[in-house]
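Trainee: Structure for this input, please:
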Amino acid sequence: NLTVGNTDNEHIAIDNGSDLLFKNGGTTMAELDGTTWTLGGATGTTTNALRISTAGIGIYDSATNYASMSGDGLEVYQSGVSVASFGSTARIGQSGAESVTVGSNAIVLDGSDGTARVQITSDPKVIIGKADDNRIEITDGAFSLFEGTTEKISIGSSAVQVKYDTNNYSQMASTNFEVY
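Mentor: Numbering: from 1, shown residues only. Below is the predicted model of the structure:
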């Protein structure tokens with residue numbers, strides 16, 4: 001063991017040649033333990049601390065309110081629950097609850113039950129409503145209204161269709177109006 005400074009005040013201690021401690025009296029304010037630096041307390045401290053290791057960086061207000069950054073991205077926790085994630089996909093809000101997710105193929109707004117309520121996809125397509133329920137879909141080719149999985153109204157560049165089902169519908173084009 002090696003100590004530099006007065007142990008009643010600020011000092012540095014090397015314990016057993018493995019831990020480097022920065023102390024204020026008997027309180028550890030920071031510690032280098034192997035490949036982990038902890039600022040704000042001893043190794044393992046999760047209250048008002050910053051922890052840097054080969055696994056990543058953790059910024060702690062408490063054990064349940066913190067941010068963690070690694071090679072996978074940045075994750076933010078509140079009350080022990082992930083409330084935001086920034087990596088190859090970015091999410092703001094709890095996964096499986098009300099949230100906004102931005103990925104390389106889509107932007108999705110989820111409702112309180114975690115079901116997509118609004119989607120903007122790279123197809124390109126805009127979907128307003130649940131994908132398998134009453135909804136509006138806008139694509140390059142048409143503006144469509146669905147009841148469940150059945151398309152009820154389609155407004156395309158060449159015609160407007162109002163449908164009962166795929167075999168029974170009316171269609172209006174620039175030159176005619178037909179009922180099937």
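Trainee: Nearest residue to the middle of this protein?
Mentor: In the chain, the C-alpha nearest the mean C-alpha coordinate belongs to residue 91, at 2.1 Å (CA atoms, centre = their mean).
Trainee: and it, which of the three is it?
Mentor: strand (DSSP: H, G, I helix; E, B strand; the rest coil).
Trainee: is it true that it touches residue 99?
Mentor: Yes - at 5.5 Å, residue 91 and residue 99 qualify as touching, with contact defined as CB atoms under 8 Å. (Glycine included, C-beta is placed from N, CA and C.)
Trainee: Could you measure from the residue nearest to the centre of the chain over to residue 122?
Mentor: Note on residue 91: its distance to residue 122, by CB to CB, to the nearest Å, is 18 Å.
Trainee: per-residue pLDDT, residue 18?
Mentor: pLDDT, residue 18: 81.
Trainee: Quick check: it vs residue 28, distance?
Mentor: 14 Å.
Trainee: higher neighbour count, the two?
Mentor: Set residue 18 next to residue 28 and count neighbours by other CB atoms under 10 Å: residue 28 wins out with 18 against 9.
Trainee: check contacts around residue 94.
Mentor: Counting by CB atoms under 8 Å, 6 or more residues apart in numbering, residue 94 touches 81-83.
Trainee: How much space separates residue 163 from residue 147?
Mentor: 10 Å.
Trainee: neighbour-wise, which of those two wins?
Mentor: Taking other CB under 10 Å, residue 163 and residue 147 do not tie; residue 163 has more neighbours (19 against 12).
Trainee: The more buried one bridge partners, please.
Mentor: Counting by DSSP bridges, residue 163 is bridged to residue 169.
Trainee: Hmm, residue 150 is touching residue 163, no?
Mentor: Yes - counting by CB under 8 Å, residue 163 is a contact partner of residue 150 at 7.3 Å.
Trainee: host element of residue 117?
Mentor: Per DSSP states H and E, residue 117 falls inside strand 116-121.
Trainee: which of the residues in that strand are buried?
Mentor: Using 16 or more other CB atoms under 10 Å as the test for burial, strand 116-121 gives 116-120.
Trainee: Point out the other helices and strands that whichever helix or strand comes after that strand packs with.
Mentor: Sequence order places strand 125-128 as the next helix or strand after strand 116-121, per DSSP H and E. Counting contacts by 3 or more CB pairs under 8 Å, 6 or more residues apart in numbering; DSSP states H and E, strand 125-128 packs against strand 116-121, strand 135-139.
Trainee: who's in contact with the first one?
Mentor: Counting contacts by CB under 8 Å, 6+ apart, the residues outside strand 116-121 that touch it are 105-111, 125-131.
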